[in-house]
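no sequence for this one, just the structure:
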């Protein structure tokens, strides 16, 4: 599969943190707003705390909506000081960065880069597969429980397991909605760029057109 060079060019190391920028950013500023994403557990940072040894721990949830935004300078400081720094990516708080990261291969590319830096296949906790269902739960905050047998959940008596295939069309519909929304953003950006190119071309033709002969 060919490499998406536009997507790859969005990744940079800034202030000790891996950052995924919007492709439209020309000047990358330390006060730009970002979200901190755990690319291995598919979670977004909601705050931070410290463990009993005083080490900083970024707290995260599997929900984009629940995640906080930070300035790049603050996010980089948190990532550097976290007990697991090679799990996190600062994702530019921008719809174009969002589309390329979640649907354009940026998430997997950042996973590969951080895993290579750590020298392991998956640093820290268990790797969550990048599937449409996992991204759907993360982006739309469906709060869907993992498929764990009921009799293995704490505080719940043994009972027949819930049918995980119930109403599969709802999942298909929501998944389609997410990808269509992302596709719509991409197509809109392309059309706007094409319109700007047409305007520039028309202006250039007007400037280079030969003058009309005098009567």
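Arrived safely. Worth saying up front: this structure is predicted, and the values here are computed from it rather than measured.

which residues does stretch 106-119 contact?
Stretch 106-119 is contacted by residues 7-8, 10-11, 18, 20, 37, 39-40, 86-87, 89, 97, 100-101, 121-123, 130 when judged by CB atoms under 8 Å, 6 or more residues apart in numbering. Every residue, glycine included, has its C-beta placed from N, CA and C.

drop anything exposed from the residues you listed.
For the contacts of stretch 106-119, a burial check counting by 16 or more other CB atoms under 10 Å picks out 7, 10-11, 18, 20, 37, 39-40, 86-87, 89, 97, 100-101, 123.

out of the residues you listed, which are inside strands?
Counting by DSSP state E, those place 11, 18, 20, 37, 89 in strands.

could those residues be laid out in JSON lines, adding distance to residue 48 and pLDDT?
Putting these into JSON lines (distance: CB to CB, whole Å; pLDDT from 0 to 100) gives the following:
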{"residue": "11", "distance to residue 48": "24", "pLDDT": "95"}
{"residue": "18", "distance to residue 48": "18", "pLDDT": "96"}
{"residue": "20", "distance to residue 48": "20", "pLDDT": "96"}
{"residue": "37", "distance to residue 48": "14", "pLDDT": "96"}
{"residue": "89", "distance to residue 48": "16", "pLDDT": "97"}
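
ok, so of those residues, who is nearest residue 136?
residue 37 (16.0 Å; CB to CB).

so who does the closest one touch?
43, 44, 45, 67, 88, 89, 90, 91, 101, 107 are the contacts of residue 37 under CB under 8 Å, 6+ apart.
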